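K.L.:
Here's a sequence, model it:
(one chain, ligands or ions: 1)
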Amino acid sequence: MDTNLARLQRITPTEADSFADTVLDGLARSPKEIACKYFYDEAGSRLFDQICELPEYYQTRTEVALLKRHAGEIAALMGSGVEIVEFGAGSLRKVRILLDAAHNPRAYTPLDISGDYLSDVVRVLAADYPALTLRPLVGDFTRPLEIPALSTPSRRAGFFPGSTIGNFKPDAAMALLRRMRSNLNGGGLLVGVDLVKDPVRLHAAYNDAAGVTALFNKNLLARANRELGADFDLDAFAHYAPYNAAAHRIEMYLVSLKRQTVTLAGRHFEFAQGEPLHTEDSHKYTIESFREMACRAGFSPRAVWTDEDRLFSMHWLESR
Ligand code: TRP
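P.N.:
Purely as a prediction, here's the structure:
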């Protein structure tokens, strides 16, 4: 085993049990729903990586370009000897740009809900960065959690890219920012935020021609079949992701194509023809509306970067 790579440490209870509870509870509601964090098992994490490469999904490409262009400034704002804590680490591709620019980073602490996926990707990173202390954590950052201190603690810099903040309703997003602030012990936070724009462009990003987003959305049902023994017929649901302009968000659904009954853990759930199952929201902000929310969450927005077309934004927030 690589000496710079700590063992995977779980810091919130396993989500396996809560997946069953969440699905049972969500299917009993009206309208039906399943929380989007359950997209990210190993299969879902890999499908999401494919979404990031899609021609219509401008977010990843634009954010990576912003990170590259401003890595020097970001490194200076993070400061020397910093511990970088990533919330929802995924493929670990973006953080390489920060690690390459950072001044003598003390450690990198990726936190992700999918332990299987994290343990795979972290091994590759450890081999590429042999001098870096790597401390992978498995946990659900939508719940209160404590990030254990290093043997010699240093200033923390949070990293929260991908506009994941948009997948929370504004109240929950604010509560999450507040909790991150307390996890960072007075450090800063680099956060990527997708911007309000032409609805046609937004719509295309969540309704790709190749149908990868549809597969990703349906993986939720496939996962329920795999892990919980449910009997969802994947062909009897349609991926549907309209942009709600008044609420500034993409809303994602799986719509039942016919009247059907789904059985799970001995319980039966009726779907009417055309009935939606809500799986995700992706809120879009203006630079100003996001900065305002960050202020209300106890941060001082210090820097913001955006591309020429104002598709995406990166914000550096300092705790106050
Ligand atoms: N944070 C990403 C976003 O809102 C997540 C995402 C992108 C996503 N495409 C998706 C989630 C499709 C579910 C389905 O853009």
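
K.L.:
For this structure, which residues are neighbours of the ligand?
P.N.:
For the chain, the contact set with the ligand under CB under 6 Å from any ligand atom comprises 39, 51, 59, 162-164, 166-167, 206, 213, 216-217, 252, 280, 282. Placement of C-beta: from N, CA and C, glycine included.

K.L.:
Just the closest of the residues you listed to the ligand, please.
P.N.:
Nearest to the ligand out of the residues of the chain next to the ligand is residue 282 (CB to the nearest ligand atom; 3.3 Å).

K.L.:
show me what contacts the closest one?
P.N.:
163, 166, 167, 194, 206, 249, 250, 252 (CB atoms under 8 Å, 6 or more residues apart in numbering).

K.L.:
Pairing partners for it in the sheet, please.
P.N.:
In this entry, residue 282 is beta-bridged to residue 250, by DSSP bridges.

K.L.:
measure it to residue 296 for me?
P.N.:
21 Å (CB to CB, to the nearest Å).

K.L.:
now residue 153
P.N.:
Counting by CB to CB - residue 153 and residue 296 are separated by 28 Å.

K.L.:
With residue 65 instead?
P.N.:
Counting by CB to CB, the gap from residue 65 to residue 296 is 29 Å.

K.L.:
now do residue 98
P.N.:
Residue 98 is 26 Å from residue 296, by CB to CB.

K.L.:
Ok, residue 87 next?
P.N.:
From residue 87 across to residue 296, the span is 19 Å (CB to CB).

K.L.:
Residue 19 now?
P.N.:
Distance, residue 19 to residue 296, using CB to CB: 32 Å.

K.L.:
And residue 254, by the same measure?
P.N.:
Separation of residue 254 from residue 296 (CB to CB): 33 Å.

K.L.:
which one of those two has more residues nearby?
P.N.:
Per other CB atoms under 10 Å, whichever of residue 254 and residue 296 has more neighbours is residue 254, with 26 against 11.

K.L.:
Most distant residue from the centre of the protein?
P.N.:
Of all residues in the chain, residue 259 has its C-alpha farthest from the mean position, at 32.8 Å, by CA atoms, centre = their mean.

K.L.:
How about the contacts made by the spatially closest residue to that one that is not a sequence neighbour?
P.N.:
With sequence-adjacent residues excluded and distances taken as CB to CB, 6 or more residues apart in numbering, residue 259 is closest to residue 273, at 4.8 Å. Residue 273 is in contact with 256, 257, 258, 259, counting by CB under 8 Å, 6+ apart.

K.L.:
ok, now residue 275?
P.N.:
31, 32, 255, 256.

K.L.:
any residues touching the helix or strand encompassing residue 96, and which ones?
P.N.:
Per DSSP states H and E, residue 96 falls inside helix 94-101. Outside helix 94-101, the residues within contact range by CB under 8 Å, 6+ apart are 63-64, 67-68, 71-72, 74-75, 78, 84, 86, 89, 105, 108, 110, 125, 128-129, 132, 159, 161-162, 190.

K.L.:
how much space is there between the nearest residue to residue 234 once chain neighbours are set aside and residue 13?
P.N.:
In space, and not counting its chain neighbours, residue 234 is closest to residue 218: 5.2 Å by CB to CB, 6+ apart. Distance, residue 218 to residue 13, using CB to CB: 27 Å.

K.L.:
out of these two, which sits in the busier spot?
P.N.:
Between residue 218 and residue 13, residue 218 has the larger neighbour count (other CB under 10 Å), namely 20 against 11.

K.L.:
Just the residues contacting the helix or strand containing that one, thanks.
P.N.:
Residue 218 is part of helix 212-228, with elements assigned from DSSP H and E. With CB under 8 Å, 6+ apart as the test, helix 212-228 has contacts from 16, 19-20, 23, 34, 38-39, 41, 43-44, 47-48, 50-51, 54, 206-207, 230-232, 234, 237-239, 241, 252, 254, 264-265, 279-280.

K.L.:
at 7 Å what do you get?
P.N.:
Taking contacts as CB atoms under 7 Å, 6 or more residues apart in numbering, the residues outside helix 212-228 that touch it are 19-20, 23, 34, 38-39, 41, 43-44, 47-48, 50-51, 54, 206-207, 230-232, 234, 237, 239, 252, 254, 264-265, 279.

K.L.:
Stretch 295-308 too?
P.N.:
Residues from elsewhere that reach stretch 295-308 (CB under 7 Å, 6+ apart): 62, 65-66, 70, 73, 77, 174, 177-178, 181, 189, 287, 291, 294, 312-320.

K.L.:
again with stretch 150-158
P.N.:
Residues from elsewhere that reach stretch 150-158 (CB under 7 Å, 6+ apart): 78-79, 81-85, 87, 106-107, 180, 184-185, 187-190.

K.L.:
which among those end up buried?
P.N.:
78, 82-85, 87, 106-107, 180, 184, 187-190 (16 or more other CB atoms under 10 Å).

K.L.:
May I ask which two of the residues you listed are separated the most?
P.N.:
106 and 180 (18.6 Å; CB to CB).
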